[in-house]
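Student: Coordinates for the following, if possible.
(one chain, ligands or ions: 2)
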Amino acid sequence: MSEPALLDVKCLVAGYGNKTVLHDVSFQVMPGKVLTLLGHNGCGKTTTLKAILGLNDRAKGEVWLGGRRVDQEPVSARVAQGLRLLPEGRGIFATLTIGENLDVVADRNCRVPDSRIGVQEVLKLFPALAGRLSTLAGSLSGGQQQMLALGLALLGSPRCILLDEPSIGLAPNLVERLFDMVREVCRSAGVGAVLVEQNVSASMKIADHVTILNNGAVVFDGSPDEARESNFWHFF
Ligand SMILES: Nc1ncnc2c1ncn2[C@@H]1O[C@H](COP(=O)(O)OP(=O)(O)OP(=O)(O)O)[C@@H](O)[C@H]1O
Ligand SMILES: [Mg+2]
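Tutor: Ligands and ions are numbered 1, 2, ... in the order given. This is a model prediction of the structure:
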């Protein structure tokens, strides 16, 4: 029998006002695996991530997390069950220090009984942050802010992290380090990830599965090797 999916997105439809952006988008993320979601600008990648978390009020379709249907639940309940979004442009509190950022999010996410990743675990993963706990987050470099954003997304008991273009503004060596960390966290903790990226070559290095969107519809869903062989690879 095949392993059950960690995240199962079924026939997701979403949009803004009277404009439908996503048309029956379906894909699955397996535990410990990275799904790379690719597609041209404006094809609906961010909308997909937002709809999965409950941030698109026109969303229809089904979202299952760990065998439980969550699409009727509010964002806070989905986060409590381990869905996390690392938004485009970084989800940090710029006017708080690194330490305060970690404490605020830990206070919200680490209260659950099965909380696995606390502030100390995050600081072990990102030692560069540990020595700068009283530095204002807004004064960090782009790469450091991205590390902090990933650290915040990992606090508590993450089960599936949705990363929206985390490599933007990062030097190539930092992109590689960040992606290695994403893969390591996924493999070691059985966490799943949906990675939206413009940096196709870097994201393909950690992809276990590839889904390609075009005009809000899935046009390819398969392994990285199959993606490279597919008719849609010339998009990139
Ligand atoms: N808040 C909004 N209100 C109205 N239309 C929106 C809104 N956000 C996105 N859209 C539209 O929805 C479509 C999909 O946008 P989305 O941001 O999901 O694309 P994307 O694939 O993430 O693009 P990019 O690669 O540029 O980040 C686009 O046509 C965009 O103009
Ligand atoms: Mg986007």
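Student: Tell me which residue of the chain lies closest to ligand 2.
Tutor: Closest to ligand 2 within the chain is T46: 3.2 Å, counting by Cβ to the ion. All C-beta atoms are positioned from the backbone trio N, CA, C, and that covers glycine.
Student: That residue and L163 touch, don't they?
Tutor: No: using Cβ atoms under 8 Å, T46 is not in contact with L163, being 11.2 Å away.
Student: Could you look up the SS state of the residue of the chain closest to ligand 2?
Tutor: Following DSSP: H, G, I helix; E, B strand; the rest coil, T46 is assigned to helix.
Student: ok, it - how many residues close by?
Tutor: Neighbour count for T46, taken as other Cβ atoms under 10 Å: 20.
Student: ditto for F235
Tutor: Residues within reach of F235, counting by other Cβ under 10 Å, total 15.
Student: Give me the distance between it and ligand 1.
Tutor: In this view, F235 and ligand 1 are 12 Å apart by Cβ to the nearest ligand atom, to the nearest Å.
Student: now swap in F126 and tell me
Tutor: 26 Å.
Student: For that residue, give me its contacts.
Tutor: M147, L148, L150, G151 (Cβ atoms under 8 Å, 6 or more residues apart in numbering).
Student: try 7 Å
Tutor: M147, G151 (Cβ atoms under 7 Å, 6 or more residues apart in numbering).
Student: ok, now how distant is it from G142?
Tutor: 15 Å (Cβ to Cβ, to the nearest Å).
Student: Then L170?
Tutor: 6 Å.
Student: who's more crowded, the two?
Tutor: Counted by other Cβ under 10 Å, L170 and G142 do not tie: L170 has more neighbours, with 22 against 13.
Student: so the more buried one is in which element?
Tutor: Using DSSP states H and E, L170 is not contained in any helix or strand.
Student: Leaving out the residues flanking it, which one is nearest to it?
Tutor: Nearest non-adjacent residue to L170, counting by Cβ to Cβ, 6 or more residues apart in numbering: G143, 5.0 Å away.
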